[in-house]
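Engineer: next one to model:
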Amino acid sequence: MKKLVIAFVMAVLPAIALAAGPGVPLDKAPVNLRDQASLQRGAQMFVNYCLSCHSAQFLRYNRMGEDLGISDEQLKANMMFGTDKVGDTMTIAMAAKDAKVWFGNPPPDLSVIARARGADWLYTYMRTFYVDEKKPFGVNNAVFPDVGMPHVLWELQGMQKPVLHTTTAADGSSHTSITGYETVKAGTMTPAEYDAAVGDLVNFMVYMGEPTQLKRQELGVKVLIFLAFFFVLAYLLKKEYWKDIH
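Structural biologist: Take a look at the predicted model:
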């Protein structure tokens, strides 16, 4: 029994650490899988800004189109490269060996990243890039320090620098934390517009991690209703069978 408990703890701890990140408070992501317009905007953001480096090899274009109300013609015109077919999965042309040279490691597939990291983590991550001239791409990230990824949405958000606050403990040790951000270069979107755009992107990535989530939830409700109804029938039948004994 003790070994089973230890094995369970060892399995769960990495997931907890992954979701928690380096201690940065996470903002609540505006996830609403019933908002089809948001999912469509998020899909457009994903194709335009993420799919050049990151694949989503467990999702097919036509499955996405069917779920989000996007026709095959709209997919071909706005979300696919010329050689892709609507039945293809969302892969990229970049070779893994080239990506390793350029970025240090191949960019991960994002099919289930929302399930692995969490929607709040992704939402905060995409909004906390800041200027850091010491890094190869000139930016760092508060949620994922030293990340080997450029800020691909910088034209939309602009560039920002962190507002730092240092506290000194009784033992003389100091700790520096980020309390906010100041705009260095304005982007094409206002802060509110950028937050909404990132919210759409994260909303789509949550859908992408489990396209059948809404159907699963609806089916679960129906199963519970059936079980409740069947329980009543089974109880009444039991009373009928046992009435002469009791």
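Engineer: ok, residue 168 - contacts?
Structural biologist: residue 174 (Cβ atoms under 8 Å, 6 or more residues apart in numbering). From N, CA and C alone the C-beta is placed, and that goes for glycine too.
Engineer: what separation do you get for it and residue 148?
Structural biologist: 32 Å (Cβ to Cβ, to the nearest Å).
Engineer: and what of residue 204?
Structural biologist: 24 Å.
Engineer: and these two? Which one has more around it.
Structural biologist: A count of neighbours by other Cβ atoms under 10 Å puts residue 204 above the other of residue 204 and residue 148, at 27 against 13.
Engineer: secondary structure element holding the more buried one?
Structural biologist: Taking DSSP states H and E as the definition, one finds residue 204 inside helix 191-209.
Engineer: show me what that helix is packed up against.
Structural biologist: helix 36-45, helix 61-68, helix 113-117, helix 119-125, helix 154-157 (3 or more Cβ pairs under 8 Å, 6 or more residues apart in numbering; DSSP states H and E).
Engineer: for the record, mean pLDDT for that helix?
Structural biologist: Averaged across helix 191-209, pLDDT comes to 97.
Engineer: C-terminal to it, what's the next element?
Structural biologist: helix 213-242.
Engineer: how much space between the most centrally placed residue in the chain and residue 31?
Structural biologist: By Cα atoms, centre = their mean, the chain has its centre lying nearest to residue 114, at 3.0 Å. Going from residue 114 to residue 31 by Cβ to Cβ gives 9 Å.
Engineer: likewise for residue 63?
Structural biologist: Per Cβ to Cβ, residue 63 is found 20 Å from residue 31.
Engineer: give me the more crowded residue out of the two.
Structural biologist: For residue 63 versus residue 31, neighbours defined as other Cβ under 10 Å are more numerous around residue 31 (19 against 15).
Engineer: pretty sure the more buried one sits in a strand.
Structural biologist: No: assessed with DSSP: H, G, I helix; E, B strand; the rest coil, residue 31 is coil; it does not lie in a strand.
Engineer: please consider this matter closed, and thank you.
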